[in-house]
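Structure for the following, please:
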Amino acid sequence: MYYGGYLQLDKILGAQYPASFEPGNEPAHDEMLFIIIHQAYELWFKQILFELDYSISIFSKEKINDNSEDLNLVRHRLHRVTDILQLLIQQVHILDTMTPLDFLEFRNLLTPSSGFQSKQFRLIEARLGLQLDSRHHKEYYKRTNEGGFTLNDYQHITETENQKTLLQLVNNWLERMPFFETAYWSDHTDKIDNHPFWTEYRKIYTNGLTEREKSKIDDFDYVFFEKQSDTLSREQMDQLRSYFSPAAMRAALFIMLYRDFPVFQTSYQILDALIEIDHLMSNWRHKHLIMVRRMIGMRVGTGNTSGAGYLEGALNKHYVYRDLSGLSTYLIERKKLPKLPDALIRSLGFQL
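Okay, here's the model as predicted:
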C-alpha cells in the first residue's frame, strides 16, 4: 500500500481544469482557488451524506433499543455532521480572499453552470427532510433545461425525495415513546380531556405567561393537540408546526424537559444535533449570500437564477427542523416541572 495510491491522489490532484487556462483564454489566477474550494465542498458533502445514510438506516428499524449502541452512534455521527458544517462555513472566508474583479476574470466562462446544480447538496436537503413544496422558487428544482440538472441527476434527486426522510423517521420514533402509557399514570386522575401530565403542564405554562404572552396558550394547544383557535390563521398554524405530528412534538418536549434522566441523554442530544444542523445550514446559506452579494451584487446567477435574491429567499424559507427549535417557546422553569410517577421514574433510570 502506498500513500498516494491509497488516496487516489493522481485522480484528485489531477482533477482541476481551469477554463481560463484553456488555449485562447486569458489565465485567471483565482480560478484554481475557486475550483479547489468547491471540490472540497463536494467531498465534505459526500461525507455528510454517508453519515445521514447511517442515521436513516437506524431510524428505519421497526424497533430501536435506546440502550443499545445504535442511538449513541447516531448521536456521534450527527455531531460529526455539525462539525463538518462548521468547517464549511469557515471555508467561505478562504473564498473571500478572491476579490470581485478577480472573479470577473473567469465568471462568464462558467455559464450556465452554477452551485445550484450541486446534486449532493440537494440530496442532503432531501435526506434531512426539506420538501419540494417548502422550497423557495420550487420551480427551479424541477428542470433539466439550461442552468438545471442533467437528466440522471434530476432522476436521482427525485428518487431521494420520494424516500423516507430523516425527519419522517425521527417523527415516527418520537411517536413511539412509551412514557405516556396509562400504566405509569394510573394514580393520576387530575385531567380534563388530555393526559394528566399535559393537564398539569398546561396549567403551569399558562401561569408563567406574561400579559403580553397570553395568546401563546392558543399556540400551545395547536402545536401539541391540534386544537384550532379563532385567533390563529392558517399561515400562523403552518408556522407553528409544519412537519412533526402533535404526538411527536409532545414526546420531543418531554425529552427536553426531563433530559437529565439517563434514558433521555442520548435522545436529547440527537434532537439538539438536528436543531444545530438546521442552524448551521442556515448560517452557511447566510455566509454564501453575503459572499455572492460582494462578488456580483444584484446580477443574475450564472445558472439563470435571480442570484442573491434567490439565496436570500432560500435562507428565509429552507428550515427543516423549525418545529423542534420552536419548542423552547413552551419550556417552563426546572423547579416547576411536574413530579413524575414513581413507576415512570424507575423506568427512566432512577431507583427509589
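
ok, residue 252 touching residue 174?
Yes - using CB atoms under 8 Å, residue 252 makes contact with residue 174 at a distance of 5.6 Å. Any C-beta I mention is one placed from the backbone N, CA and C, and that applies to glycine too.

For the two, list the residues in contact with both.
Counting by CB atoms under 8 Å, 6 or more residues apart in numbering, the residues touching both residue 252 and residue 174 are residue 244.

Any figure for the gap between the residue lying farthest from the centre of the chain and residue 102?
Relative to the centre of the chain, the most outlying C-alpha is that of residue 24, 44.4 Å out, by CA atoms, centre = their mean. To residue 102, residue 24 is 20 Å away according to CB to CB, to the nearest Å.

same question, residue 290
As judged by CB to CB, residue 290 and residue 102 stand 17 Å apart.

swap in residue 311?
Residue 311 is 20 Å from residue 102, by CB to CB.

The two - which one has more neighbours?
Ranked by neighbour count (other CB atoms under 10 Å), residue 311 and residue 102 place residue 311 first, with 23 against 17.

Figure out how far stretch 212-223 is from the centre of its chain.
In terms of CA atoms, centre = their mean, to the nearest Å, the centre of stretch 212-223 is set 25 Å apart from its chain centre.

three-state assignment of the residue farthest from the centre of the chain?
In three-state terms, and counting by DSSP: H, G, I helix; E, B strand; the rest coil, residue 24 is coil.

how close does it get to residue 243?
Distance of residue 24 to residue 243, given as CB to CB: 51 Å.

Could you do residue 10 as well?
Distance, residue 10 to residue 243, by CB to CB: 45 Å.

of those two, who's got more company?
Just comparing residue 10 and residue 243: by other CB under 10 Å the higher neighbour count belongs to residue 243, 21 against 10.

mind listing what the more buried one touches?
Contacts of residue 243 by CB under 8 Å, 6+ apart are 129, 131, 167, 171, 320, 322-323.

try residue 39
Listed by CB under 8 Å, 6+ apart, the contact set of residue 39 reads 15-16.

Okay, and it sits in which element?
Using DSSP states H and E, the element containing residue 39 is helix 31-59.

Now do the buried residues in that helix.
Neighbour counts over helix 31-59 (16 or more other CB atoms under 10 Å) mark 31, 33-35, 41, 44-45, 48-49, 51-52, 54-56, 58-59 as buried.

swap in stretch 252-271?
For stretch 252-271, the neighbour count (16+ other CB under 10 Å) marks 252-259, 261, 263-271 as buried.

could you pull out the helices for the stretch 51-200 of the chain?
69-95, 100-104, 119-128, 151-161, 166-175, 196-207 (DSSP state H, counting those that start in this stretch).

Any buried residues in stretch 177-186, and which?
Within stretch 177-186, the residues that qualify as buried by neighbour count (16+ other CB under 10 Å) are 177, 179-180, 184-185.

possible to save the residues you listed as JSON lines with pLDDT?
Shown next, in JSON lines, are those (pLDDT from 0 to 100):
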{"residue": "177", "pLDDT": "88"}
{"residue": "179", "pLDDT": "87"}
{"residue": "180", "pLDDT": "87"}
{"residue": "184", "pLDDT": "85"}
{"residue": "185", "pLDDT": "85"}
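
Out of those residues, the closest to residue 211 would be?
Closest approach between the buried residues of stretch 177-186 and residue 211, by CB to CB: residue 180, at 31.8 Å.
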